[in-house]
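**Student:** any chance you could fold what I've pasted below:
(chains A and B)
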Amino acid sequence: MAVTLTRGQARVDAARDGSRPPLAALRRALVRNLRAHAFLIGALLCFVLFTWYPMIREIVMSFQRVHYGETSWVGLANYRQITADPEFWSAWRNTLEFTGIALFFGFAAPFAAAIVINECRHAQGYLRVLVYLPVMLPPVAGILLFKYFMDPGYGLFNQVLHAVHLPTSSWLASKSSAMPSLVFVSTWGNMGSATLVYLAALQGIPGELYEAAELDGANLLQRIWHVTVPQTRLILSLMLMLQVVATMQMFTESFVLTGGGPEGSTTTVVYLLYNYAFNYDKFNTAAALGVIMLLVLGCFSAIYLWLERRGREA
Amino acid sequence: MATTVPNSATRTLISPVRLNQPRGRLIYRIVLTLILIVTTVVFVGPLYWMATGGFKSSQELVRTPPTLFPEHPATHAFTEAWSRLGMGQLLLNTVVYAGGALLLQLLFGVAAAYSLSKLRPVLGNVILGMMLASMMIPAAALVIPQYLTVLDLPLIHVNLQDTPWVIWLPTVANAFNIFLLKRFFDSIPNELLDAAAIDGAGPVRVLWSVVLPLSRPILGVVSIFGVVAVWKDFLWPLITVPSHETLNVGVNTAATSMPENSLIAGLFLASIPTIALFLVFQRNIMAGLTAGGLKG
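**Tutor:** Numbers count the residues shown, from 1 in each chain, chains lettered A, B, ... in the order given. Next up, the predicted model:
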């Protein structure tokens, strides 16, 4: 009985086994475990093949090079090559810029939208469907549509800005406005899912808290800051981390809209990795970049988990 | 199921008392109207432009000032987009990828989650821990070794490139879905399973006749996540199925060589399937997403 690990079955078997010798019980436990692992095997194999093995392989191949089909160990040469490339540093700068702007707008926008929708006594369902609609588009369709809107000449955005006498922008065509434009497109396309998560969280806030805050004389903004934010702190911090990890991997928007330009100002880390592998045919150097990415984002996740735990204990 | 119809009894940021005063009611009306207009313009406006853009000529599309309605509506941009994109083939490919991924994910994901939750094999928790740890790995960082792996699978040396398997199999390694399923299965009381076991049902029978019928909501959520993920993926299909492209990748490939109005028409055609699906199953999808989000 001590060996059995399956709860339900174990109880049934214990009743059935009665006074049988321990050997039979052992065999039963073995069969049960084999059976349980048989259920696991499909998913397990896929994890081994597409997650765990590639991870080890990436680390191994980042220290190797392939020359005419011959694989040899080269120590840190790939890392030296990638860090010596000025594009490496600009790619990290660009990625951080994207993540920074995306956090400023992309993080605030869905939370604000959720608060506003939650206050509406009418048409809530309609608003939620609208906000989520872009999430259902194939991303490239939304992205290419905005490319048309953002044309500096005939694009709809500039025409509207011009019509209301606001300064027009060169959008994707200039180094300074290209990245903010990508954030804009990306936020439009993705904010729906975060908004729904926040809405669900907002609906869990007990109304008495607002009541009490209002009695204490807290105005609207104070109520948001002192009740809404702390009450949704857990989900906010989780979404913050997920969003940082997601935006650090930005690729599609750059690839489709700007091709990394103008002058490499929107080449992200993943884009550089793609270029090294599929345009320069340097898979091992790309792997070194992949390992660096794993380390950076791994550190970030670790710091997040540490802060999260400390916050929960405090 | 946490359907979230606004409950007028629950108090939110703004007090109902304030809203019921004449002044409050007036402000609320104005603000609500503004919100409705802005949201509609921001989120439906682009889609409207996309839908009507295909009916315009290329000259009309780049004209200043822009026209709100097509001047001489013509459908030939749509037919041109359909044939130049090979839309039928792209759609078929994407449906095959998404459908197969969904089936495999449900089959292996459910089996694994059931095993981890109810059959509890030796090392089960270690395996679950390792799966969950993989959620921390940024997927794009692993693209290179994954790509090399599918070009030449270890031990059996098969090249999966340009076969549906290259899309299907990696989707099974989805820790989040397995985690959602396991969490749900954990909430099913063991007494139910014990009762079935006493009646002589084996694990497969218990899974099929007891666990699965109880798990419809979570199966729905996992299915939506699975299909949408394949439908929206870009980098992975871009490198692994170059000659049998997905809708998402194919539209981008063809985009550079198309006249403006056919391109816009093509974008609209490419968006129809998921938008239609969403509008039809909107209620279920919303409820499922909120439930999944709450639990996740």
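**Student:** give the burial count for residue A:307, as a bare number.
**Tutor:** Residue A:307: 12 surrounding residues under other Cβ atoms under 10 Å in any protein chain shown. C-beta here means a position set from N, CA and C on the backbone, and glycine is covered the same way.
**Student:** from the chain's centroid, how far away is stretch A:250-263?
**Tutor:** 18 Å (Cα atoms, centre = their mean, to the nearest Å).
**Student:** buried set for it?
**Tutor:** A:250, A:251, A:252, A:253, A:254, A:255, A:256, A:257, A:258, A:260, A:262 (16 or more other Cβ atoms under 10 Å in any protein chain shown).
**Student:** flag whichever of the residues you listed scores worst on pLDDT.
**Tutor:** Within these, pLDDT reaches its minimum at residue A:260, with 81.
**Student:** near chain A at all, stretch B:231-247?
**Tutor:** Yes. Contact of stretch B:231-247 with chain A (Cβ under 8 Å from any Cβ of the partner chain) involves B:231, B:232, B:234, B:235, B:239, B:247.
**Student:** quick check: residue A:239 vs residue B:138, distance?
**Tutor:** Here the distance between residue A:239 and residue B:138 works out to 16 Å (Cβ to Cβ, to the nearest Å).
**Student:** tell me the secondary structure at residue A:196.
**Tutor:** The assignment at residue A:196 comes out as helix when based on DSSP: H, G, I helix; E, B strand; the rest coil.
**Student:** okay, and the residue of chain B found nearest chain A sits in which element?
**Tutor:** Using Cβ to the nearest Cβ, the closest approach of chain B to chain A is made by residue B:11 at 2.8 Å. Here residue B:11 is covered by no helix or strand, with elements defined by DSSP states H and E.
**Student:** count of neighbours near residue B:54?
**Tutor:** 25.
**Student:** what separation do you get for the closest residue to residue B:240 other than its chain neighbours and residue B:233?
**Tutor:** Leaving aside its chain neighbours, residue B:240 sits nearest to residue B:166 (4.5 Å; criterion: Cβ to Cβ, 6 or more residues apart in numbering or on different chains). When distance is defined by Cβ to Cβ, residue B:166 is 12 Å away from residue B:233.
**Student:** do residue B:268 as well
**Tutor:** Counting by Cβ to Cβ, the gap between residue B:268 and residue B:233 amounts to 21 Å.
**Student:** what strand or helix carries residue 26?
**Tutor:** In the absence of a named chain, chain A is used. helix A:22-47.
**Student:** my bad, the chain I had in mind was chain B
**Tutor:** helix B:22-39.
**Student:** same check on residue B:150?
**Tutor:** Going by DSSP H and E, residue B:150 is part of helix B:143-151.
**Student:** which other helices and strands does that helix contact?
**Tutor:** Other elements packing on helix B:143-151 under the criterion 3 or more Cβ pairs under 8 Å, 6 or more residues apart in numbering or on different chains; DSSP states H and E are helix A:53-61, helix A:269-274, helix A:283-313, helix B:165-172, helix B:235-240.
**Student:** which of those is buried the deepest?
**Tutor:** For these, average neighbour numbers computed from mean count of other Cβ atoms under 10 Å in any protein chain shown are highest in helix A:269-274, which has a mean of 26.
**Student:** returning to that earlier point: in the residues of stretch B:231-247 next to chain A, find the pair that's most separated.
**Tutor:** B:231 and B:239 (17.5 Å; Cβ to Cβ).
**Student:** give me the domain ranges for the chain.
**Tutor:** You didn't pick a chain, so chain A it is. A:7-61, A:80-313 (automatic domain parsing).
**Student:** actually it's chain B I care about, not the one you picked
**Tutor:** Split by automatic domain parsing, chain B gives B:16-81, B:86-257.
**Student:** which of those domains sits closest to residue A:75?
**Tutor:** Among the domains of chain B, domain B:86-257 comes nearest to residue A:75, with 19.1 Å by Cβ to Cβ.
**Student:** what mean pLDDT does that closest one get?
**Tutor:** On average, domain B:86-257 scores 89.
**Student:** likewise stretch A:35-52?
**Tutor:** On average, stretch A:35-52 scores 90.
**Student:** just the buried positions in it, please.
**Tutor:** A:35-37, A:39-40, A:42-44, A:46-47, A:49-52.
**Student:** any idea how far the closest residue to chain B within chain A lies from residue B:21?
**Tutor:** Proximity to chain B, evaluated over chain A using Cβ to the nearest Cβ, is greatest for residue A:207 at 2.8 Å. Residue A:207 sits at a distance of 19 Å from residue B:21 (criterion: Cβ to Cβ).
**Student:** check residue B:105 too.
**Tutor:** With the distance defined as Cβ to Cβ, residue B:105 ends up 53 Å from residue B:21.
**Student:** so the two - more neighbours on which side?
**Tutor:** Using other Cβ under 10 Å, the more surrounded residue of residue B:105 and residue B:21 is residue B:105, with 27 against 11.
**Student:** grab the most central residue of chain A for me.
**Tutor:** Central residue of chain A (Cα atoms, centre = their mean): residue A:246, 2.5 Å from the mean position.
**Student:** and that one, that one's in a strand?
**Tutor:** No. Judged by three-state DSSP, residue A:246 forms no part of a strand; its state is helix.
**Student:** close enough to count as contact, residue B:69 and residue B:52?
**Tutor:** Yes. Counting by Cβ atoms under 8 Å, residue B:69 touches residue B:52, with 6.8 Å between them.
**Student:** who has more neighbours, these two?
**Tutor:** Using other Cβ under 10 Å as the criterion, residue B:69 and residue B:52 rank with residue B:52 on top: 17 against 8.
**Student:** tell me the secondary structure of that one, please.
**Tutor:** Residue B:52 ends up helix, using three-state DSSP.
**Student:** give me the pLDDT value at it.
**Tutor:** For residue B:52, pLDDT reads 89.
**Student:** helix/strand/coil for the spatially closest residue to it that is not a sequence neighbour?
**Tutor:** Take residue B:52 and drop its neighbours on the chain: the residue closest to it by Cβ to Cβ, 6+ apart is residue B:70, 5.6 Å away. With three-state DSSP as the basis, residue B:70 sits in coil.
**Student:** just the angle between the helix holding residue A:26 and helix B:165-172, please?
**Tutor:** Interaxial angle, helix A:22-47 versus helix B:165-172 (axes from the mean of the first three to the mean of the last three Cα atoms, to 10 degrees): 130 degrees.
**Student:** and helix A:22-47, how far from the chain's centre?
**Tutor:** 35 Å.
**Student:** what are the phi and psi angles of residue 68?
**Tutor:** By default, I'm working from chain A. phi 50, psi 50 (degrees, to the nearest 10).
**Student:** chain B was what I was after
**Tutor:** phi -80, psi -40.
**Student:** for chain A, give me the ranges with low pLDDT.
**Tutor:** Applying pLDDT under 70 to chain A picks out residues A:1-21, A:314.
**Student:** outside of stretch A:151-161, which residues touch it?
**Tutor:** Contacts to stretch A:151-161, defined as Cβ atoms under 8 Å, 6 or more residues apart in numbering or on different chains, come from residues A:148-150, A:167-171, A:173, B:49, B:61-66.
**Student:** can we see that at 7 Å?
**Tutor:** Applying Cβ atoms under 7 Å, 6 or more residues apart in numbering or on different chains, the external contacts of stretch A:151-161 come out as A:148-150, A:167-171, A:173, B:49, B:62, B:64-66.
**Student:** residues of the stretch 151-300 of chain A that sit close to chain B?
**Tutor:** Neighbours of chain B within the stretch 151-300 of chain A, by Cβ under 7 Å from any Cβ of the partner chain: A:154, A:156, A:159, A:196-197, A:199-200, A:203, A:207, A:210-211, A:214, A:220, A:223-224, A:228, A:245, A:248-249, A:251-252, A:256, A:270, A:273, A:277-278, A:283, A:286-287, A:290, A:293-294, A:297-298.
**Student:** my guess is the residue nearest to residue B:240 contacts residue B:160. True?
**Tutor:** Yes. With contact defined as Cβ atoms under 7 Å, residue B:166 reaches residue B:160; the gap is 4.2 Å.
**Student:** any residues in contact with both of these two?
**Tutor:** Common neighbours of residue B:166 and residue B:160 (Cβ under 7 Å, 6+ apart) are residue B:150.
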